[in-house]
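1. got a predicted structure here, sequence first:
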Amino acid sequence: MPGRPIIPPGSPPPLAPYSPGMKSGEALYVSGTLALDADGQLVGENDATAQTRQVLESIKSVVEAAGGTLADVTFNMIFLKDFADYPKMNAVYAEYFPQPSPARYCIRADLVKPEFLVEIASIAHISNG
């Protein structure tokens, strides 16, 4: 089943050849999302709380553009530059994903640019009817 790209209005320009989201059937795959505004500028320099909020708002916009809500997200893959930011990320994350929360993992990783502290990719399942 071919997918269709999901590109919400106001999406930042991509840093590489990818779509913010790709929907195939009821599955929505949201690309790894960084804390960028609509002009591609970093939001929340040295601030994991602000970066997490921007990342989750961006993911929310992709999910909504595909016809869903954050309640449709079933899995999140979280990448942190530094595990010292885990409590900050987790506090914001809990605001966006109350119980029952999606499945997830969180790993420490070098991100595409040193100023990025948080990256999250998501999978959602959105009913077509």
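-> Here it is on my side, so go on. Residues are numbered from 1 along each chain as shown.
2. run through the helices of this structure in chain order.
-> 48-65, 86-96 (DSSP state H).
3. quick check: buried residues in the shortest one?
-> Of the residues in helix 86-96, those scored as buried under the neighbour-count criterion (16 or more other C-beta atoms under 10 Å) are Lys88, Met89, Val92, Tyr93, Tyr96. For glycine as for every other residue, the C-beta is placed from the backbone atoms N, C-alpha and C.
4. please work out the average pLDDT along stretch 25-38.
-> Across stretch 25-38, pLDDT averages out at 96.
5. end to end, how far does that stretch reach?
-> With C-alpha to C-alpha, to the nearest Å as the measure, stretch 25-38 spans 28 Å from end to end.
6. tabulate the helices of the chain in TSV, adding columns for distance to Arg108 and mean pLDDT.
-> As requested, those are exported to TSV (distance: least, C-beta to C-beta, whole Å; pLDDT from 0 to 100):
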stretch	distance to Arg108	mean pLDDT
helix 48-65	13	98
helix 86-96	9	98
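7. quick one: closest of these to Val118.
-> helix 48-65 (4.7 Å; C-beta to C-beta).
8. by contact count, what packs against the closest one?
-> Helix 48-65 is packed against strand 21-24, strand 27-33, strand 73-80, helix 86-96, strand 118-125, with contacts defined by 3 or more C-beta pairs under 8 Å, 6 or more residues apart in numbering; DSSP states H and E.
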